[in-house]
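Peer 1: just coords:
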């Protein structure tokens, strides 16, 4: 199945496969944790039962997604020791403490308060339950902060020295944590998580509105999702632009690959909208381009010169075609989010937000698009960094453990089989949960909490009905 692949290629494929499964769950849980905190706060403030219905509905989905994210993350981390032990050895003094901080300060925080958020409203009271919910949301953001600091340091290393055996030694932790690309990556990723969650929430709300336009929780979640899109999508586009300028400064070769600039331009570079990168001939075939627009975007000058891949040794070029297309997928979905948000705003102004079937169908179709955008952005970031694991300092080929290709191929096949079975089943279960309306009869996670069946509230108060209660 993998004949002809080297151990390095297979190890990269394995890491890409496991990370691709993992990244979608944190991207969803980061946004969903904040959404749950907002829903809980709105219920405490207004006592509107719709907000509590939505909180109880989405917290079950969050619990499953959070668990799947934890499991996929643990499996992924073992590859640092199995396939990339040289990388772990050389970068461990810098990256090891950062990843430990993530577990100790962020994961323990969100995991510690998760049980109270899921089961504790009747036991600890509304205010402490709200505090626990906020801590789970804060913990997910802290976790993203530490992990993005690790990844950003690999992209723009700072605050280090290299000892006699080639290890990166920390010299200034402030410079390591707050390295040059970190603020841009953090803002870009957090907003991506919020937009991903908004699309899912909006898609679920739209699905139930297509079935019943009077479904109050569906109307509320759809309205909130549309507000999130129209406010955050423009901010995300702006943050992406600033991130691009930072990348141009610190990782110019990645920008060359993203733009498809095989050659340098002295009097303004075109923006290539579409085409087929041809690395053999060093050109983009069938290119559709807008003259000088790339220089205007990247340099803010119409005729600003831009260097191309002709200034870079072939062995230092990333896989241009992958970076070129993943970047366009990410940007295309980003503008589609903005368009959907604008469409929702137009329908809201006309008081037709809950009555336009076409808008609702578009929202359903856009529901999973945030995940594709996150994956495309990750591919752009990571593949664009190649052929380095630590940009410009440690090559990927020098980071690999002394392993054989057949061993990696065997484990990769095992990962593919197990992942598709386990996470495929988990994803199917999540979709089944989302397919149910928030007003459907369903058992709450915690005893003593009222459920909503239509407009009737019921309370489980008979503790004798549960063994050992």
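Peer 2: Received it, and whenever you're ready, just let me know what you need. Source: prediction; values computed, not measured.
Peer 1: how about the strands in the stretch 251-400 of the chain?
Peer 2: 271-278, 283-290, 388-390, 394-395 (DSSP state E, counting those that start in this stretch).
Peer 1: Tabulate those (CSV), appending mean neighbour count, mean pLDDT and distance to residue 263.
Peer 2: Quick note: C-beta positions are derived from backbone N, CA and C, even for glycine. Below are the strands of the stretch 251-400 of the chain laid out as CSV (neighbours: other Cβ atoms under 10 Å; pLDDT from 0 to 100; distance: least, Cβ to Cβ, whole Å):
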stretch, mean neighbour count, mean pLDDT, distance to residue 263
strand 271-278, 16, 91, 12
strand 283-290, 14, 90, 8
strand 388-390, 22, 93, 23
strand 394-395, 18, 92, 25
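Peer 1: Compile those strands into CSV and extend it with columns for distance to residue 248.
Peer 2: Below are the strands of the stretch 251-400 of the chain laid out as CSV (distance: least, Cβ to Cβ, whole Å):
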stretch, distance to residue 248
strand 271-278, 14
strand 283-290, 18
strand 388-390, 17
strand 394-395, 22
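Peer 1: Of the ones you listed, which is nearest residue 333?
Peer 2: strand 271-278 (15.2 Å; Cβ to Cβ).
Peer 1: Show me how far that closest one is from its chain's centre.
Peer 2: 26 Å (Cα atoms, centre = their mean, to the nearest Å).
Peer 1: Which of the strands of the stretch 251-400 of the chain sits closest to residue 245?
Peer 2: Using Cβ to Cβ, the nearest of the strands of the stretch 251-400 of the chain to residue 245 is strand 271-278, at 14.9 Å.
Peer 1: now for the closest one, which elements pack on it?
Peer 2: Here strand 271-278 touches strand 283-290, helix 293-299, helix 320-349, going by 3 or more Cβ pairs under 8 Å, 6 or more residues apart in numbering; DSSP states H and E.
Peer 1: Look up the pLDDT of residue 268 for me, please.
Peer 2: The model reports residue 268 with a pLDDT of 86.
Peer 1: can you check residue 206 too?
Peer 2: 94.
Peer 1: Same list (the helices and strands packed on strand 271-278) but as CSV, adding distance to residue 30.
Peer 2: As requested, the helices and strands packed on strand 271-278 are exported to CSV (distance: least, Cβ to Cβ, whole Å):
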stretch, distance to residue 30
strand 283-290, 35
helix 293-299, 28
helix 320-349, 17
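Peer 1: between these, which gets nearest to residue 107?
Peer 2: Of these, the one closest to residue 107 (Cβ to Cβ) turns out to be helix 320-349, at 27.4 Å.
Peer 1: residues of the closest one that come out buried?
Peer 2: Buried positions in helix 320-349, judged by neighbour count with 16 or more other Cβ atoms under 10 Å: 320-331, 333-334, 336-338, 340-341, 343-345, 347.
Peer 1: counting contacts, what elements does it pack onto?
Peer 2: By 3+ Cβ pairs under 8 Å, 6+ apart, helix 320-349 packs against helix 182-211, helix 216-250, helix 252-259, strand 271-278, helix 357-366, helix 369-383.
Peer 1: Would you mind getting the angle between that helix and strand 271-278?
Peer 2: 140 degrees (axes from the mean of the first three to the mean of the last three Cα atoms, to 10 degrees).
Peer 1: what separates helix 320-349 from the chain centre, distance-wise?
Peer 2: That offset, for helix 320-349, works out to 15 Å (Cα atoms, centre = their mean).
Peer 1: Likewise for stretch 367-378?
Peer 2: On Cα atoms, centre = their mean, the centre of stretch 367-378 falls 7 Å from the chain's centre.
Peer 1: mind listing what's buried in that stretch?
Peer 2: Buried residues in stretch 367-378 (16+ other Cβ under 10 Å): 367, 369-371, 373-378.
Peer 1: Mind listing residues that contact it?
Peer 2: 19-20, 23-24, 27-28, 188, 192-193, 195-200, 202-204, 206-207, 326-327, 329-330, 333-334, 336-337 (Cβ atoms under 8 Å, 6 or more residues apart in numbering).
Peer 1: what about burial for these, which qualify?
Peer 2: Using 16+ other Cβ under 10 Å, the buried ones in these are 19-20, 23-24, 27-28, 188, 192-193, 195-200, 202-204, 206-207, 326-327, 329-330, 333-334, 336-337.
Peer 1: would you turn the helices and strands packed on helix 320-349 into a markdown table with distance to residue 68?
Peer 2: As requested, these are exported to a markdown table (distance: least, Cβ to Cβ, whole Å):
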| stretch | distance to residue 68 |
| --- | --- |
| helix 182-211 | 14 |
| helix 216-250 | 22 |
| helix 252-259 | 31 |
| strand 271-278 | 35 |
| helix 357-366 | 22 |
| helix 369-383 | 13 |
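Peer 1: Out of these, which gets nearest to residue 429?
Peer 2: That would be helix 182-211 among the helices and strands packed on helix 320-349, by Cβ to Cβ, at 14.6 Å.
Peer 1: Against which helices or strands is the closest one packed?
Peer 2: Looks like helix 182-211 contacts helix 7-46, helix 126-155, helix 216-250, helix 320-349, helix 357-366, helix 369-383, helix 405-435 (3+ Cβ pairs under 8 Å, 6+ apart).
Peer 1: hmm, 6 Å instead?
Peer 2: When contacts are defined as 3 or more Cβ pairs under 6 Å, 6 or more residues apart in numbering; DSSP states H and E, helix 182-211 packs onto helix 7-46, helix 126-155, helix 216-250, helix 357-366, helix 369-383.
Peer 1: Same list (the ones you listed) but as JSON lines, adding mean pLDDT and distance to residue 52.
Peer 2: Listed next are these as JSON lines, based on pLDDT from 0 to 100; distance: least, Cβ to Cβ, whole Å:
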{"stretch": "helix 7-46", "mean pLDDT": "89", "distance to residue 52": "5"}
{"stretch": "helix 126-155", "mean pLDDT": "91", "distance to residue 52": "10"}
{"stretch": "helix 216-250", "mean pLDDT": "93", "distance to residue 52": "10"}
{"stretch": "helix 357-366", "mean pLDDT": "94", "distance to residue 52": "24"}
{"stretch": "helix 369-383", "mean pLDDT": "93", "distance to residue 52": "26"}
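Peer 1: To residue 314, which of these lies closest?
Peer 2: Using Cβ to Cβ, the helices and strands packed on helix 182-211 put helix 369-383 closest to residue 314, at 16.4 Å.
Peer 1: how much does that closest one deviate in direction from helix 182-211?
Peer 2: Using the same axes, to 10 degrees: helix 369-383 against helix 182-211 is 160 degrees.
Peer 1: Helix 369-383 vs helix 252-259, what angle?
Peer 2: 140 degrees.
Peer 1: Give me the distance from helix 369-383 to the chain's centre.
Peer 2: 8 Å.
Peer 1: and what of stretch 393-410?
Peer 2: Relative to its parent chain, stretch 393-410 has a centroid offset of 26 Å by Cα atoms, centre = their mean.
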